[in-house]
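Asks: Sequence below, structure please.
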Amino acid sequence: QVQLVESGGGLVQAGGSLRLSCAASGRTFASYAMGWFRQAPGQEREFVATITWSGRFTYYADSVKGRFTISRDNAKNTVYLQMNSLRPEDTAVYYCAVHRYSGSNYPTGRLSDYNYWGQGTQVTVSS
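Replies: Coordinates of the predicted model:
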């Protein structure tokens with residue numbers, strides 16, 4: 001049974017930092033791109049960042065570019081999201097997900113391209 005478990009969320013002041021982790025179990029995802037998405041109250045889920053299976057290529061939403069960094073450790077079957085210079089508008093539930101196609105070096109930010117999802121971790125940024 002595949003399971004993705006996010007952790008590391010919490011309450012932080014604007015300008016602060018958090019590091020999210022997403023641990024996968026049930027199978028290895030070393031050959032799959034993985035991504036982070038977020039959903040604020042009353043908003044649709046949106047793309048944040050994605051990383052190719054090798055970790056060589058990363059892609060970011062414009063709203064987080066230069067502030068967030070996605071990385072992965074395939075030996076641990078884990079993907080991370082380092083979030084710096086947090087803003088109140090970053091407040092959301094953050095989800096990790098696995099791309100449905102193996103080996104992609106150009107994973108998109110489309111939700112439908114990801115077929116395994118975690119349950120999310122809350123990030124709240126106070127002003």
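Asks: any residues touching the strand ranked longest in the chain, and which ones?
Replies: Longest among the strand segments of the chain by residue count, using DSSP state E, is strand 92-102. Strand 92-102 is contacted by residues 4, 6, 9, 20, 22, 24, 29, 31-40, 43, 45, 48, 50, 53, 79, 81, 107, 111, 113-123 when judged by CB atoms under 8 Å, 6 or more residues apart in numbering. Bear in mind the C-beta positions are built from the backbone N, C-alpha and C, glycine included.
Asks: average pLDDT for stretch 16-27?
Replies: The average pLDDT for stretch 16-27 rounds to 95.
Asks: Stretch 57-64 now?
Replies: Mean predicted lDDT for stretch 57-64 stands at 97.
Asks: can you give me the end-to-end distance of that stretch?
Replies: 16 Å (CA to CA, to the nearest Å).
Asks: Could you pull out the buried residues of that stretch?
Replies: 58-61, 64 (16 or more other CB atoms under 10 Å).
Asks: cool, and stretch 2-16?
Replies: 4, 6, 8-9, 12.
Asks: quick one, what contacts the residue nearest the centre of the chain?
Replies: Nearest to the geometric centre of the chain sits Trp36, at 2.0 Å (CA atoms, centre = their mean). By CB under 8 Å, 6+ apart, the contact list for Trp36 reads 20, 22, 48-50, 70, 79, 81, 94-97.
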